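Colleague: next input, structure requested:
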Amino acid sequence: MYNNKLFTSDKFSNNEIKYKKQVEPEETIIKAAEKLLDRSRDAITIYSINEIGINSQNWLVSVKDKKYIIKRIKSITEKQLLKRKIELSEKLRKDGIPFPKIYLFRENYWVEIDGENWILMEYIKGNYFNGSPEEMIQICKLQKELNERCIDYQKNELIIIETIEYKRSDMSKSLISLKLQKTRIADQTKIDYELVSQVVNLMETNIKYMDAEIPKDQLGYIDMHPHNLLIHNNELNGLLDVDALKLTNRNIATAFNIFKLFRQLMVHEKLNEDTKNLKHIINEYLKKSNYTENEDYFLRSAAVEIMRRILYITDSIITSGTSEWSPVLEIQLKLIIEINVITKKLHD
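Modeller: Numbers count the residues shown, from 1 in each chain. So this is what the prediction gives:
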């Protein structure tokens, strides 16, 4: 049995953004900055941003007193898909969702440098979501407004972007592979075997309660973790990551987002599964998000997306020997245990 303490700080809990001036930036970064800003190398200063190492594809660039963010888009290679996502984020921004402005470069939103796509974005001041109750209330309101905008857009136009699917049969097959390879996964990722084993057992139970196939064609945002939110002077100032816009199940997306942020609130406020009135606290935030299902459904829905992410990572390790997401696998595994602990406590 995995007995390490739960609801403790992880890589997403540090809310401070630090910028480090790059003395010798990667040549591709310099080329992208020169082209997007239409300035010579000598006129541009480039800073790295202290992200967790996986999504470290953003750089702060300054020209005199003006600041921008340049972003390398690795996950989207199809140009029309990239264009549709940027246009969606721009539409949402104009409708009050605080995505950063993405600047047009001539007739496109991107430039291609050495086979990679780069975009130029507005610099938004702030630090990451810290987890205070005041911040959480604002994020719940943002989630509500974002869902409303997405519903309205789909009433009036056909949205064609990539889809996240939740098929019980596919997830069950991946889980069988993980169960057979859990020793290898633990050894290769240096994660406690007991943690991997316990989560496999919990996932076997969770998958049994899933519908065979879950509706998936709803526009939503499905990665509202602490480092995708910018807070300045205690006010929500920015929502990052255009790639988190997907066709998915909006209930699952909302539950996953709110659970990830509620977990950070628990860390910030030093709450745990034994906190008095925890059920009431959860339901208050769900109401502010306009989430109409009960807390049990909320936790089960969040678990579905977490399981999908775990199996995506472990499938990659099993078939290819590695995954770029391995550094966050342990975080995802612990989330399943934390959801299970909260669920049990709510029924005591």
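Colleague: contacts and neighbour counts: CA atoms only from here.
Modeller: Will do.
Colleague: check which helices and strands the helix or strand harbouring Thr319 is in contact with.
Modeller: For Thr319, the host element (DSSP states H and E) is helix 295-320. Applying 3 or more C-alpha pairs under 8 Å, 6 or more residues apart in numbering; DSSP states H and E, we find helix 295-320 packed against helix 168-180, helix 182-189, helix 193-208, helix 250-268, helix 278-288, helix 329-346.
Colleague: CA atoms of stretch 309-328 as PDB?
Modeller: The C-alpha coordinates for stretch 309-328 follow below in PDB (Å, rounded to 0.1, in the frame of the first residue of the first chain):
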ATOM      1  CA  ARG A 309      -3.600  10.800 -19.500                       C
ATOM      2  CA  ILE A 310      -1.900   8.000 -17.400                       C
ATOM      3  CA  LEU A 311      -2.600   5.400 -20.100                       C
ATOM      4  CA  TYR A 312      -1.500   7.800 -22.900                       C
ATOM      5  CA  ILE A 313       1.900   8.100 -21.100                       C
ATOM      6  CA  THR A 314       2.300   4.400 -20.200                       C
ATOM      7  CA  ASP A 315       1.200   3.300 -23.700                       C
ATOM      8  CA  SER A 316       4.000   5.400 -25.100                       C
ATOM      9  CA  ILE A 317       6.600   4.000 -22.700                       C
ATOM     10  CA  ILE A 318       5.500   0.400 -23.400                       C
ATOM     11  CA  THR A 319       5.500   0.800 -27.200                       C
ATOM     12  CA  SER A 320       8.300   3.300 -27.800                       C
ATOM     13  CA  GLY A 321      10.400   3.000 -24.700                       C
ATOM     14  CA  THR A 322       9.900   6.600 -23.700                       C
ATOM     15  CA  SER A 323       7.300   9.500 -23.300                       C
ATOM     16  CA  GLU A 324       7.900  13.200 -23.200                       C
ATOM     17  CA  TRP A 325       5.300  13.300 -20.500                       C
ATOM     18  CA  SER A 326       7.100  10.800 -18.100                       C
ATOM     19  CA  PRO A 327       8.100  13.600 -15.700                       C
ATOM     20  CA  VAL A 328       4.400  14.200 -14.800                       C
END
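Colleague: circling back: buried residues, the helix holding Thr319. List them.
Modeller: Of all the residues in helix 295-320, those buried under the rule 16 or more other C-alpha atoms under 10 Å are 295, 298-315, 317-318.
Colleague: per-residue pLDDT, Ile52?
Modeller: We have a pLDDT of 49 for Ile52.
Colleague: where does this protein have low pLDDT?
Modeller: Scanning the chain for pLDDT under 70 picks out 3, 51-56, 75-77.
Colleague: part of a helix, is Lys71?
Modeller: No - Lys71 is assigned strand when assessed by DSSP: H, G, I helix; E, B strand; the rest coil, not a helix.
Colleague: what's the local residue count around it?
Modeller: With neighbours defined by other C-alpha atoms under 10 Å, the count for Lys71 comes to 22.
Colleague: who is it paired with across the strands?
Modeller: Asn58, Ile119 (DSSP bridges).
Colleague: distance of it from Glu90?
Modeller: 16 Å (C-alpha to C-alpha, to the nearest Å).
Colleague: chain neighbours aside, what residue packs nearest to Lys279?
Modeller: Leu346 (6.3 Å; C-alpha to C-alpha, 6 or more residues apart in numbering).
Colleague: from what I can see that neighbour touches Ile281, true?
Modeller: No - Leu346 is beyond contact range of Ile281, at 11.5 Å (criterion: C-alpha atoms under 8 Å).
Colleague: looking at those two, which is more packed in?
Modeller: A direct count of neighbours by other C-alpha under 10 Å for Leu346 and Ile281 places Leu346 higher, at 15 against 12.
Colleague: how many residues are close by Thr205?
Modeller: 11.
Colleague: now Gln143: how far from Asp223?
Modeller: Gln143 is 11 Å from Asp223, by C-alpha to C-alpha.
Colleague: which one's more surrounded, these two?
Modeller: Set Gln143 next to Asp223 and count neighbours by other C-alpha under 10 Å: Gln143 wins out with 24 against 21.
Colleague: in terms of helices and strands, where is that one?
Modeller: helix 133-156.
Colleague: other SSEs contacting that helix?
Modeller: Counting by 3+ C-alpha pairs under 8 Å, 6+ apart, helix 133-156 packs on strand 218-221, strand 235-239, helix 250-268, helix 278-288.
Colleague: from Lys74, how far out is Glu324?
Modeller: 12 Å.
Colleague: same deal with Leu120?
Modeller: Counting by C-alpha to C-alpha, the gap from Leu120 to Lys74 is 15 Å.
Colleague: ok, now Ile310?
Modeller: 21 Å.
Colleague: what do you get for Gly131?
Modeller: Gly131 is 29 Å from Lys74, by C-alpha to C-alpha.
Colleague: got it, and Leu278?
Modeller: 40 Å.
Colleague: out of those two, which sits in the busier spot?
Modeller: Neighbour comparison, Leu278 and Lys74: the larger count goes to Leu278, with 16 against 11 (by other C-alpha under 10 Å).
Colleague: just give the nearest non-adjacent residue to the more buried one, would you?
Modeller: Using C-alpha to C-alpha, 6+ apart, the nearest residue to Leu278 is Leu346, at 7.7 Å.
Colleague: repeat that for Ser169.
Modeller: Per C-alpha to C-alpha, 6+ apart, closest to Ser169 is Ala212, 7.0 Å.
Colleague: report the contact partners of that neighbour.
Modeller: The contact partners of Ala212, taken as C-alpha atoms under 8 Å, 6 or more residues apart in numbering, are Lys167, Arg168, Ser169.
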